[in-house]
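Visitor: Give me coordinates for this.
(chains A and B, ligands or ions: 2)
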Amino acid sequence: MTCFLDIRGITKSFGKVAAVSDVSLEIARGEFMTFLGPSGSGKSTTLYMIAGFFDPSAGDIRLEGRSILREPSNRRNIGMVFQRYTLFPHLSVAENVAFPLRVRRRPAAEIARKVEQMLALVRLEGFADRMPAQLSGGQQQRVALARALAYDPPLLLMDEPLSALDKKLREEIQVEIRRIHRETGVTILYVTHDQEEALSLSDRVALFNHGRIEQVGKGRDLYEAPRTRFVAGFVGHSNFLDCTIAAHAGERADIVLPDGSRLPELPIDRQAPVGAAARLMIRPDRLRISSPAGADAPAGIDAVLSDATFIGETFHFALTTAWGGALNVRMPSHTLPPAGHGVGQRVRLSWAPGDARLFAE
Amino acid sequence: MLLDFSRLGPWRLVLVLIALLVGAYLLLPILLIVGLSFGSSRWLQFPPPGWTLRWYRELFDDPAWIASFLTSFRIAAVVTVLSVVIGLMASFGLTRGEFRGRELLRALFLTPMILPVVVLAVALYAFFLRLHLNGTFTGFVLAHLVVALPFSIIAISNALERFDRDIETAAIVCGASPLEAKLRVTLPGIRLGLMSAALFSFLASWDEVVIAIFMASPDLQTLPVRIFSTLRQDLSPVIAAVSTVLIALTAGLMALAALLRKDARS
Ligand SMILES: Nc1ncnc2c1ncn2[C@@H]1O[C@H](COP(=O)(O)OP(=O)(O)OP(=O)(O)O)[C@@H](O)[C@H]1O
Ligand SMILES: [Mg+2]
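Guide: Numbering: from 1, shown residues only, chains lettered A, B, ... in the order given. Ligands and ions are numbered 1, 2, ... in the order given. A predicted model of the protein is given here:
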């Protein structure tokens, strides 16, 4: 299969620092792919190699089957929206959008038509004659988007385009970006370190850490089936408990918790010898609270409720295990018994099979 | 604010008075010169017994003055162009280049500003003696370029540093070649810096006198040099007229710069 954009083992070092190491990724035409990851994890560097600002130290980037590494940035025909405001300050909105067409020496009639069409696409029809300094931050980024799409690039790169905007505006423009993606069918690579933004916008997410991709998949996959401990910790909220491997069989393992209680057959990320340390991960919304150990109590962990907070649709509980491990639980308010749970109460925490995962240390 | 003008009370009067005094101290010599240039007394009597345009007529009828005026203007114009072009290239290197000794080089470019002008003049004179450049137009231009260049480099480097490089990068991603991006986006973006570089370069050459005295020959004299040498012979009101013309031109240029700046900000 030849995919639309094929990133093959690209690496970029600055001196001794490996900003990106051996990143491979296949992206389909029309896909919306997000690079998510903590600061300094190599998201921008990867994007810049695709844009042509940096040459990879190793590896190849192929667009529609052809390597683009030899092409300079200005001939790659790629669209890009930057984190900072980059409208040309001395040109009007219309002239900014027209710029890429003017350098391509397109006929005036076509330019005029295209500018109008692009301003309509980003819903800024009345703003053609404004100067960039007369626009709000959100409007400037929308013009930047119109400029980046004016020449119908097959690929649009966006490096944290909304990070300078406040939350409400950000959500508003996210909706616009989704609509524009639907209407134009352009392939988008989008960088963000806001996981909510990543999950809500994209078809797939590539999670970066220390210059490598930890996992690629639909947002739901990353949340439900994190392949590494980093993914489990970065995407969504997680509880982690220290434990020790007691038995190992295939992709499952039995563990012993610090208080000596044993939990059987939990899925584990990789092979680990008996006696090795591991971490037990359970999402706060997958834990169930029931009465303390009795004959009919489900298998699980005993803990003491140390705090309960009502935050609207959900209740938030903090619990402590016998050996001092901390756990959080979130429950929809309506599922709670009327009396609720009191602080200091002993409870049993349980979960559905598959909701708990092990990560070998 | 502690020293808010509107809350100073009676001290305001004192402040206004001091400001007026300083302003008068700075402006009076200029006003005096302008007044004398229109006065009818040959002996620069003040206040003038009557008013006349005679000195201006004498000035504009004297081919030597006109020649000096044109010489000054030509030298300043060429210096301005060279200073802005070289200053622009040097500024790109100093703000964008990544090489060892960059800061040292920047300091080196600015030394003509802190060096006493006389030292510079003597050094240039001795150096140009070997190259047979003293008393030539080229020599004048090169010497004044040394003085003008630091102004250019400061103005343009500051503008380049303030200009977000991502904007130029955006132009390149849009399809412009690196050169085209600089010409169509970066240069317009730093045009204020370019204009003040041009203005200060022009003025640096236009009213420079020390180096010019060393460079001048009997048939190549800039306006300040001719004023200086005329002054040593006799104190004619024509000098006042020349000075007034000079002041008017300089003031005109400054006003133009202020206007452009205001225009760009709105
Ligand atoms: N031009 C450069 N010179 C030297 N080191 C660099 C350069 N650009 C990036 N780096 C380093 O490469 C690493 C990855 O940086 P990168 O900008 O790709 O991270 P990022 O994931 O985009 O982070 P952020 O979310 O903060 O933008 C960092 O350690 C950074 O310091
Ligand atoms: Mg970045």
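Visitor: how about residue B:203, what does it touch?
Guide: B:250, B:253 (C-beta atoms under 8 Å, 6 or more residues apart in numbering or on different chains). Backbone N, C-alpha and C define where each C-beta goes, glycine included.
Visitor: ok, so what distance separates it from residue B:150?
Guide: 13 Å (C-beta to C-beta, to the nearest Å).
Visitor: Could you check stretch A:129-137 and say which residues are buried?
Guide: A:130, A:132, A:135 (16 or more other C-beta atoms under 10 Å in any protein chain shown).
Visitor: so how far is chain B from the last one?
Guide: Distance of residue A:135 to chain B, computed by C-beta to the nearest C-beta, to the nearest Å: 15 Å.
Visitor: how about stretch A:191-202, does it get close to ligand 1?
Guide: Yes - counting by C-beta under 6 Å from any ligand atom, ligand 1 is contacted by stretch A:191-202 at residue A:193.
Visitor: how about that stretch, does it reach chain B?
Guide: No - Stretch A:191-202 stays out of contact with chain B when judged by C-beta under 8 Å from any C-beta of the partner chain, the minimum separation being 14.2 Å.
Visitor: what residues does that stretch touch?
Guide: In contact with stretch A:191-202 (C-beta under 8 Å, 6+ apart) are residues A:32-39, A:43-44, A:47, A:157-160, A:162-163, A:170, A:174, A:177-178, A:190, A:205, A:219, A:223, A:234-236.
Visitor: cutoff 6 Å now
Guide: Stretch A:191-202 is contacted by residues A:32, A:34, A:35, A:36, A:43, A:47, A:159, A:160, A:174, A:205, A:219, A:235 when judged by C-beta atoms under 6 Å, 6 or more residues apart in numbering or on different chains.
Visitor: do stretch A:159-177 as well
Guide: So stretch A:159-177 is contacted by A:44, A:47, A:81, A:82, A:83, A:137, A:138, A:141, A:191, A:192, A:201 (C-beta under 6 Å, 6+ apart).
Visitor: Now do the contacts for residue 63.
Guide: Let's take chain A. residue A:5.
Visitor: Please refer instead to chain B.
Guide: Counting by C-beta under 6 Å, 6+ apart, residue B:63 has no contacts.
Visitor: Under the pLDDT cut-off, which ranges of the stretch 1-150 of chain B? List them.
Guide: B:1-3 (pLDDT under 70).
Visitor: Is there proximity between the helix ranked longest in chain B and ligand 1?
Guide: Assignment by DSSP state H gives helix B:63-96 as the longest helix of chain B. No - judged by C-beta under 6 Å from any ligand atom, helix B:63-96 stays clear of ligand 1, getting no closer than 13.0 Å.
Visitor: Dump the C-alpha coordinates for the helix or strand following that helix into PDB.
Guide: Moving toward the C-terminus from helix B:63-96, the next helix or strand (DSSP states H and E) is helix B:102-114. The C-alpha trace of helix B:102-114 is given here as PDB (Å, rounded to 0.1, in the frame of the first residue of the first chain):
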ATOM      1  CA  ARG B 102      29.000  37.800  16.400                       C
ATOM      2  CA  GLU B 103      28.700  40.100  19.400                       C
ATOM      3  CA  LEU B 104      32.200  41.200  18.900                       C
ATOM      4  CA  LEU B 105      31.500  42.000  15.300                       C
ATOM      5  CA  ARG B 106      28.500  44.000  16.300                       C
ATOM      6  CA  ALA B 107      30.500  46.000  18.800                       C
ATOM      7  CA  LEU B 108      33.200  46.600  16.100                       C
ATOM      8  CA  PHE B 109      30.600  48.000  13.700                       C
ATOM      9  CA  LEU B 110      29.500  50.500  16.300                       C
ATOM     10  CA  THR B 111      33.000  51.800  17.300                       C
ATOM     11  CA  PRO B 112      32.900  54.800  15.000                       C
ATOM     12  CA  MET B 113      30.100  56.200  17.300                       C
ATOM     13  CA  ILE B 114      32.300  56.200  20.400                       C
END
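Visitor: quick check: angle from helix B:102-114 to helix B:63-96?
Guide: 160 degrees (axes from the mean of the first three to the mean of the last three C-alpha atoms, to 10 degrees).
Visitor: Just give the nearest non-adjacent residue to residue A:299, would you?
Guide: Leaving aside its chain neighbours, residue A:299 sits nearest to residue A:350 (6.4 Å; criterion: C-beta to C-beta, 6 or more residues apart in numbering or on different chains).
Visitor: what's the neighbour count on that neighbour?
Guide: 18 (other C-beta atoms under 10 Å in any protein chain shown).
Visitor: Likewise for residue A:236?
Guide: 17.
Visitor: you'd agree it is up against residue A:223?
Guide: Yes - using C-beta atoms under 6 Å, residue A:236 is in contact with residue A:223, at 5.0 Å.
Visitor: Tally up the residues packed near the residue of chain B found nearest ligand 1, please.
Guide: Nearest to ligand 1 in chain B, going by C-beta to the nearest ligand atom, is residue B:98, at a distance of 9.7 Å. For residue B:98, the neighbour count with other C-beta under 10 Å is 5.
Visitor: What parts of chain A come near chain B?
Guide: A:73-74, A:80, A:82, A:84, A:86, A:88-90, A:99-100, A:103-104 (C-beta under 6 Å from any C-beta of the partner chain).
Visitor: Now render those residues as a markdown table, adding pLDDT, distance to residue B:122 and secondary structure.
Guide: Output for those, formatted as a markdown table (pLDDT from 0 to 100; distance: C-beta to C-beta, whole Å; DSSP: H, G, I helix; E, B strand; the rest coil):
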| residue | pLDDT | distance to residue B:122 | secondary structure |
| --- | --- | --- | --- |
| A:73 | 95 | 51 | helix |
| A:74 | 94 | 51 | helix |
| A:80 | 97 | 55 | strand |
| A:82 | 95 | 52 | coil |
| A:84 | 93 | 50 | coil |
| A:86 | 95 | 50 | coil |
| A:88 | 96 | 48 | coil |
| A:89 | 94 | 46 | coil |
| A:90 | 94 | 45 | coil |
| A:99 | 97 | 52 | helix |
| A:100 | 97 | 56 | helix |
| A:103 | 96 | 52 | helix |
| A:104 | 95 | 57 | coil |
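Visitor: Show me which of these are buried.
Guide: Buried among those by 16+ other C-beta under 10 Å: A:73, A:74, A:80, A:82, A:84, A:86, A:88, A:89, A:90, A:99, A:100, A:103.
Visitor: List the contacts of the first one.
Guide: The contact partners of residue A:73, taken as C-beta under 6 Å, 6+ apart, are A:51, A:52, B:172, B:173.
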